[in-house]
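[1] can't give you the sequence, but here's the structure:
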């Protein structure tokens with residue numbers, strides 16, 4: 001019996017991840033974009049984002065033991081930003097496996113940084129659900145083995161979300177809450193309207209981006225502009 005190429009690709013991916021799925025439907029869902037069907041990867045991406053941030057925080061706490069909190073936050077922002085995740089996803093070959101709708105394929109979705117970065121987070125979330133946090137943490141540590149992690153990364157320019165987080169932490173306020181409030185356009189050309197809310201100050205701002213990630217950055221930037229006018 002001939003093995004389907006897709007199955008072969010999944011087997012290769014499991015080797016690269018060093019994780020064999022007991023629930024193979026999870027990895028299939030993790031690599032399914034919303035343009036392909038309703039059983040897509042956005043919930044797994046949400047979960048994987050939290051797992052990734054915790055695991056990277058643990059990694060930095062160990063590797064950069066002398067850095068203060070603010071510098072650790074900036075280094076982490078560099079490690080979990082779209083560009084870094086995109087590169088890690090390329091190294092895993094995720095672009096060959098992502099299921100996309102026809103319109104997204106035609107527009108080059110298989111190589112789009114936002115789609116690949118989101119897929120990687122979904123894969124991390126899938127490993128977490130298939131096994132446990134220890135397995136997901138080990139995967140994150142392996143992914144970053146070839147990434148140069150140094151204190152100098154903290155000198156990189158801060159993105160809006162990191163800057164807003166530091167502004168709030170410096171005033172002992174709770175971190176902002178981000179939520180998607182609207183999506184527009186066809187599945188392969190969607191824009192996301194995201195709201196950023198600071199509960200302690202009872203204020204919110206909105207931003208728009210081509211992905212949830214960029215929408216959050218846009219909303220955070222709008223919030224920083226509002227705060228600068230109020231202070």
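    The structure has been received and is ready for your questions. Bear in mind that the values here come from a model prediction, so they are computed numbers and not experimental data. Numbering: from 1, shown residues only.

[2] For this protein, which segments are assigned as helices?
    5-17, 24-30, 42-63, 69-80, 82-92, 102-106, 113-130, 133-143, 160-170, 212-230 (DSSP state H).

[3] Pop the domain breakdown of this protein in here.
    1-155, 158-231 (automatic domain parsing).

[4] average pLDDT for the shortest one?
    Pointing back at domain 158-231 there. Taken as a whole, domain 158-231 carries a mean pLDDT of 89.

[5] Kindly report which one of the helices of the chain carries the lowest mean pLDDT.
    helix 5-17 (a mean of 77).

[6] end to end, how far does stretch 26-43 reach?
    Distance between the two ends of stretch 26-43: 11 Å, counting by Cα to Cα, to the nearest Å.

[7] For that stretch, give me every contacting residue.
    10, 13-14, 21, 44, 48, 94, 97-101, 103-104, 109, 115, 118-119, 122-123, 125-126, 129-130, 187-188 (Cβ atoms under 8 Å, 6 or more residues apart in numbering). (Glycine included, C-beta is placed from N, CA and C.)

[8] Buried ones from the residues you listed, can you make that a PyMOL selection?
    In PyMOL, this line selects whichever of those come out buried by 16 or more other Cβ atoms under 10 Å:
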select buried, resi 10+13+21+44+48+94+97+98+99+100+101+104+109+115+118+119+122+123+125+126+129+130+187+188
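
[9] returning to what we had before: can you put the helices of the chain in a markdown table and add distance to residue 203?
    Converted to a markdown table, the helices of the chain look like this (distance: least, Cβ to Cβ, whole Å):
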| stretch | distance to residue 203 |
| --- | --- |
| helix 5-17 | 42 |
| helix 24-30 | 35 |
| helix 42-63 | 24 |
| helix 69-80 | 22 |
| helix 82-92 | 27 |
| helix 102-106 | 36 |
| helix 113-130 | 27 |
| helix 133-143 | 34 |
| helix 160-170 | 12 |
| helix 212-230 | 7 |
